[in-house]
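K.L.:
Can you look at this prediction? I've put the sequence above it.
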Amino acid sequence: MEQAPQQPGPSEIFLLVIDHDGREHALPAIEGWRVMEVIRDWGIGLRATCGGACACAGCHVYVDQPWTARLRPRSAEEEDRLDDAFGVGPTSRLCCQILMSPELSGLRVRLAPGSELE
Ligand code: FES
């Protein structure tokens, strides 16, 4: 049985994720980890087949609007890979390219269609 993540403590870095079924999860995170790794390691289905090499677009997420300006801009490599993703919009990111930090605690993302486990 899949273990549900514990609720993050008040001083803990955390990530909010809306999964493919529309359920929101508050996931404790570790500074320096990729958002993709946090999501995958808590057992939330995310394709991410390349393991973070920016080569598959299977970690496509939509970032909540207030957070988009607080992220480093997309690299040319990320832009190229997003060209392969489905339903790309202005807030689309590949979450393997976002590193968790205290400044990003509370970041909220929604898993995009096409990033489901196969
Ligand atoms: S995990 Fe493959 S592009 Fe992000």
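P.N.:
Arrived safely.

K.L.:
nearest spatial neighbour of the most centrally placed residue in the chain, skipping sequence neighbours?
P.N.:
Among the residues of the chain, the one closest to the centroid is residue 95, at 3.9 Å (Cα atoms, centre = their mean). Leaving aside its sequence neighbours, residue 95 sits nearest to residue 35 (Cβ to Cβ, 6 or more residues apart in numbering; 3.9 Å). Any C-beta I mention is one placed from the backbone N, CA and C, and that applies to glycine too.

K.L.:
any idea how far residue 76 is from the one you found?
P.N.:
20 Å (Cβ to Cβ, to the nearest Å).

K.L.:
With residue 113 instead?
P.N.:
Distance from residue 113 to residue 76, by Cβ to Cβ: 25 Å.

K.L.:
Tell me which of those two has more neighbours.
P.N.:
Neighbours per residue (other Cβ atoms under 10 Å) separate residue 113 from residue 76, with residue 113 holding more: 12 against 7.

K.L.:
Quick check, pLDDT for the more buried one.
P.N.:
pLDDT, residue 113: 96.

K.L.:
got the contact list for it?
P.N.:
20, 86-87 (Cβ atoms under 8 Å, 6 or more residues apart in numbering).

K.L.:
For the residues you listed, which entry has the maximal number of neighbours?
P.N.:
Highest count within the contacts of residue 113 by other Cβ under 10 Å belongs to residue 20, 16 neighbours.

K.L.:
Dihedrals phi and psi, that residue?
P.N.:
phi -70, psi -20 (degrees, to the nearest 10).
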